[in-house]
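Q: Build the 3D model from these lines:
(2 chains)
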Protein chains: 2
Amino acid sequence: MRTRPLKVALLGCGVVGSEVARIMTTHADDLAARIGAPVELAGVAVRRPSKVREGIDPELITTDATALVKRGDIDVVVEVIGGVEPARTLITTAFEHGASVVSANKALLAQDGDALHAAAEEHGQDLYYEAAVAGAIPLIRPLRESLAGDKVNRVLGIVNGTTNFILDKMDTSGAGYSEALDEATALGYAEADPTADVEGFDAAAKAAILAGIAFHTRVRLDDVYREGMTEVTAADFASAKRMGCTIKLLAICERAADGESVTARVHPAMIPLSHPLASVRGAYNAVFVEAEAAGQLMFYGPGAGGSPTASAVLGDLVAVCRNRLNDATGPGDSAYTQLPVSPMGDVVTRYHISLDVADKPGVLAQVATVFAEHGVSIDTVRQQGKDGEASLVVVTHRAPDAALNGTVEALRKLDTVRGVASIMRVEGE
Amino acid sequence: MRTRPLKVALLGCGVVGSEVARIMTTHADDLAARIGAPVELAGVAVRRPSKVREGIDPELITTDATALVKRGDIDVVVEVIGGVEPARTLITTAFEHGASVVSANKALLAQDGDALHAAAEEHGQDLYYEAAVAGAIPLIRPLRESLAGDKVNRVLGIVNGTTNFILDKMDTSGAGYSEALDEATALGYAEADPTADVEGFDAAAKAAILAGIAFHTRVRLDDVYREGMTEVTAADFASAKRMGCTIKLLAICERAADGESVTARVHPAMIPLSHPLASVRGAYNAVFVEAEAAGQLMFYGPGAGGSPTASAVLGDLVAVCRNRLNDATGPGDSAYTQLPVSPMGDVVTRYHISLDVADKPGVLAQVATVFAEHGVSIDTVRQQGKDGEASLVVVTHRAPDAALNGTVEALRKLDTVRGVASIMRVEGE
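A: This next block holds a predicted model:
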């Protein structure tokens, strides 16, 4: 074994960073044996240097992250600051000064993955980011390496623990969205401002990263269609149950049937209770992958938290250190297919539509005509009426989202349709 | 991209080999893009050269596997023959002649993994074998690489599709073992001689491989405790249901509580219906991994079949080819902990014991005394009696297997115990 240690600079020492530092110390011998050389924490960049950080030599603490990544003797920079800046500039600077990078930064990777990969390649460095998607669950490496000889056609995942906790709560307790969100906040599963989670921004960033890797193309955050889950109601769950379904916020990346384009989207959807993703409880994450030869795979585990995220970061750190000892780099960017990303309107899916309608003869015929005019085939219709009011629940067959959307717009204009109570896509069948 | 192709020799062209050859041809451009150089099938060793093999140039077919691996211009040998010999000699010869190896051979890896790893290292070659355990499910790579910065404490898996199909059938239809086996045979899930599957030999080989990788030590096939599932009855399933459990044939690899030893075993066991492994249906495989930092992870997918296994082989082929272009090797053997493998008697588990007893006063007291004398604490007892005959179902708390075993031996000697109807371990709680 090489005795000269590999030097690691840690950028950020919050929930994840402090756990990375702790494990690097407590499991130093194991890490050295697995890498083939010891690893040494050479510096820790923080914002608040006065905070007591147990187990970290105070001499290592600095507020000057830029100087740390520019030192020139750093082998690997571990970036767990999050957010676009200053992370982006620090990572680029690290490459320029001869360091490889392990990052957990989904927002940055989703927005600037291509530029960062290009910078890593230009300087002969590694850029690894297993922790950016689904915490501890090995997902980037399986997609990028284990399935490198296969053709992935679909990735369908629960990639945000906060929203899964809320939806699971609504499902099991009958609670409404606000009540379930309050509980998630009280238990620390939701942040004070839950927007990034409940509006699907976090999941959309992960969908962009997953789609890019799965289809070997470039998918940016802006390419991902996004709907949050704040409008999911207890009534939607009741409807889902009647269909043998539950509701999950899903990140869905698909290759078009002709193979010539891809799509990526995040929205709440009904999925059958028999689908493996339906039984993913609480804040757990799970990602379902369909590949041509492998068939259907699922990866399940904790999607967030200090220790799980640190596990993923350290797995990458070991890999990058090994590469370094081999004077090699791991599999880099692989966006060679350059498949275009189609808009949401091209996505083929199913709708579950709940309408409030007038309780009089001929309404169903009118509604059915609208569907037919838009080329959308109806799978099932359920009518319920009382006191001149009635509801009509329509589940469609698969059709382009644009056609489904156009159908709903036309339905809203019918005199006999008093309102569209809910629209939800049906997936996983 | 390099234009000179990497040369691949395929040993074996059955269900898996023919699929590997097919995908290498149909997806040649994708493989080249992902590797950074084209790969070329340079020879295919078969036993029956006269068989028509669609899509494979007849010029490539040979019956002389030894000559093929000795050619000297081969970059990677893909071994999908199975069995110990001639596979072992061919793989060793391949290393000696400058080729790396991708193998799907669980029996060989479980028996001679250390010698093969040593030979690979001696000659600076790679030995990859993702396909040896759980078919297409990425498992070896996640354990060996993604969790390289973590400490795995437990691996609990359904790693044999045939037995899971049979047990699932018994569970859902109430069928007996023979009836379910007949159906598995008729549908092609069980071989004409199902011994390797139903007696747990196949799962034991996989447990040996998984335990070695998970705990960075050496676990041989002979170290794995093994019980088949041919004696599981419909009555056992009924008992399991009463406890809110089902029955699975599990491969279980554990680190002892003191961290100083490991165990590996294969046997049928009751697991709670709430456990993620309980809902693994049909011939699917799933492996549950508990790691110190990552927490609980699960990997799920098809555990066998030509295409899924080929997917795993090709993922390894891409990785090995990339290493070769980098003039490097991937993570090799990592048995540095040299943790001893403890015998089954040291395993701490729970028993579900069903006894046929005399229906008279004092029997329960006698039975309870035997448990107490062996230091085994009872969790629950259920008595059912009629016409002078009675049954007693005892579920214990956790205790060393030796103590549980000793308890059962002593129970057999009681006059009031007419027979031990079934003993089954309870896991996953």
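Q: Past the lengthiest helix in chain A, which element shows up next along the chain?
A: Longest helix in chain A by number of residues (criterion: DSSP state H): helix A:306-325. Downstream of helix A:306-325, the next assigned helix or strand under DSSP states H and E is strand A:348-358.
Q: what mean pLDDT does that following strand have?
A: Strand A:348-358 comes out with an average pLDDT of 94.
Q: buried sites along that strand?
A: Residues of strand A:348-358 classed as buried: A:Thr349, A:Arg350, A:Tyr351, A:His352, A:Ile353, A:Ser354, A:Leu355, A:Val357, A:Ala358 (neighbour count, 16 or more other C-beta atoms under 10 Å in any protein chain shown). C-beta here means a position set from N, CA and C on the backbone, and glycine is covered the same way.
Q: Switch those residues over to a markdown table, and while doing so, append distance to A:Gly388 to every line.
A: Listed next are the buried residues of strand A:348-358 as a markdown table, based on distance: C-beta to C-beta, whole Å:
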| residue | distance to A:Gly388 |
| --- | --- |
| A:Thr349 | 34 |
| A:Arg350 | 30 |
| A:Tyr351 | 26 |
| A:His352 | 25 |
| A:Ile353 | 21 |
| A:Ser354 | 18 |
| A:Leu355 | 15 |
| A:Val357 | 10 |
| A:Ala358 | 7 |
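Q: Now do the SS call for the residue in the stretch 1-150 of chain A positioned nearest to chain B.
A: As assessed by C-beta to the nearest C-beta, chain B sits closest to A:Gly149 within the stretch 1-150 of chain A, at 2.3 Å. Following DSSP: H, G, I helix; E, B strand; the rest coil, A:Gly149 is assigned to coil.
Q: thinking again about what came up before, just the mean pLDDT for the longest helix of chain A, thanks.
A: In this model, helix A:306-325 has a mean pLDDT of 96.
Q: need the contact list for the closest residue to A:Ala192 other than its chain neighbours.
A: Distance criterion C-beta to C-beta, 6 or more residues apart in numbering or on different chains; nearest residue to A:Ala192, sequence neighbours excluded, is A:Thr185 at 7.2 Å. With contact set as C-beta atoms under 8 Å, 6 or more residues apart in numbering or on different chains, A:Thr185 has these partners: A:Glu191, A:Ala192, A:Pro194.
Q: is it fair to say the first one lies in a helix?
A: No - assessed by three-state DSSP, A:Glu191 does not belong to a helix; its assignment is coil.
Q: ok, how many other residues are close to it?
A: 13 (other C-beta atoms under 10 Å in any protein chain shown).
Q: would you turn the buried residues of strand A:348-358 into CSV with distance to chain B?
A: Below are the buried residues of strand A:348-358 laid out as CSV (distance: C-beta to the nearest C-beta, whole Å):
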residue, distance to chain B
A:Thr349, 24
A:Arg350, 24
A:Tyr351, 28
A:His352, 25
A:Ile353, 31
A:Ser354, 30
A:Leu355, 35
A:Val357, 39
A:Ala358, 44
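Q: Can you list the buried residues in the longest helix of chain A?
A: By neighbour count with 16+ other C-beta under 10 Å, helix A:306-325 contains the buried residues A:306-324.
Q: my read is A:Ala33 is in a helix, agree?
A: Yes - the assignment for A:Ala33 is a helix, going by three-state DSSP.
Q: Next, give phi and psi for the nearest residue to it once chain neighbours are set aside.
A: Distance criterion C-beta to C-beta, 6+ apart; nearest residue to A:Ala33, sequence neighbours excluded, is B:Tyr336 at 4.4 Å. The phi/psi pair for B:Tyr336 (degrees, to the nearest 10) reads phi -70, psi -20.
Q: Next: A:Ala269.
A: phi -150, psi 150.
Q: from memory it sits against A:Lys248, does it?
A: Yes - using C-beta atoms under 8 Å, A:Ala269 makes contact with A:Lys248 at a distance of 6.5 Å.
Q: So the two - more neighbours on which side?
A: A direct count of neighbours by other C-beta under 10 Å for A:Ala269 and A:Lys248 places A:Lys248 higher, at 29 against 26.
Q: Can you tell me which residues in the stretch 201-350 of chain A are near chain B?
A: Proximity of the stretch 201-350 of chain A to chain B (C-beta under 8 Å from any C-beta of the partner chain) is limited to residues A:216, A:276, A:279, A:291-302, A:305, A:307-308, A:310-319, A:322-323, A:326-329, A:331, A:334, A:336-337.
Q: If we use 7 Å, what do you get?
A: Those residues of the stretch 201-350 of chain A that sit near chain B, judged by C-beta under 7 Å from any C-beta of the partner chain, are A:276, A:279, A:291, A:293-302, A:307-308, A:310-311, A:314-315, A:317-319, A:322, A:326, A:328, A:331, A:334, A:336.
Q: so what's the closest residue to chain B within the stretch 251-400 of chain A up against?
A: Nearest residue of the stretch 251-400 of chain A to chain B, counting by C-beta to the nearest C-beta: A:Leu314, 2.3 Å away. Going by C-beta atoms under 7 Å, 6 or more residues apart in numbering or on different chains, A:Leu314 touches A:Val20, A:Ile23, B:Gly149, B:Asp150.
Q: ok, now how distant is the third one from chain A?
A: Here B:Gly149 is placed at a distance of 2 Å from chain A (C-beta to the nearest C-beta, to the nearest Å).
Q: That residue touches A:Leu31, doesn't it?
A: Yes - applying C-beta atoms under 7 Å, one finds B:Gly149 in contact with A:Leu31, separated by 6.5 Å.
Q: When those two are compared, which one has more neighbours?
A: Higher neighbour count among B:Gly149 and A:Leu31: B:Gly149, with 30 against 22, using other C-beta under 10 Å.
Q: picking up where we left off before, what residues are shared contacts of B:Gly149 and A:Leu31?
A: Common contacts of B:Gly149 and A:Leu31, defined by C-beta under 7 Å, 6+ apart, comprise A:Val318.
Q: Help me confirm that A:Met43 is found in a strand?
A: To be clear, residue A:43 is Gly; Met isn't right here. Yes - counting by three-state DSSP, A:Gly43 is part of a strand.
Q: Report pLDDT for it.
A: pLDDT, A:Gly43: 97.
Q: next one: A:Pro49
A: pLDDT recorded at A:Pro49 is 88.
Q: May I have the secondary structure class of it?
A: coil.
Q: got the contact list for it?
A: A:Ile61, A:Thr63.
Q: swap in the one 3 residues further on?
A: Under the criterion of C-beta under 7 Å, 6+ apart, the contact list for A:Val52 is empty.
Q: would you list every one of the helices in the stretch 1-150 of chain A?
A: Ranges of helices within the stretch 1-150 of chain A are A:15-26, A:28-35, A:65-69, A:87-96, A:106-122, A:140-141, based on DSSP state H, counting those that start in this stretch.
Q: Switch those over to CSV; also include mean pLDDT.
A: Formatted as CSV, these follow (pLDDT from 0 to 100):
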stretch, mean pLDDT
helix A:15-26, 96
helix A:28-35, 96
helix A:65-69, 98
helix A:87-96, 98
helix A:106-122, 95
helix A:140-141, 96
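Q: Out of the ones you listed, the one nearest A:Ala286 is which?
A: Relative to A:Ala286, the nearest member of those by C-beta to C-beta is helix A:140-141, separated by 15.2 Å.
Q: which outside residues touch whatever helix or strand comes next after that closest one?
A: Next helix or strand after helix A:140-141 toward the C-terminus (DSSP H and E): strand A:152-158. Identification of contacts with strand A:152-158 by C-beta under 7 Å, 6+ apart yields A:143, A:164, A:210-211, A:214-215, A:248, A:250-255, A:277, A:280, A:285-292, A:427-428.
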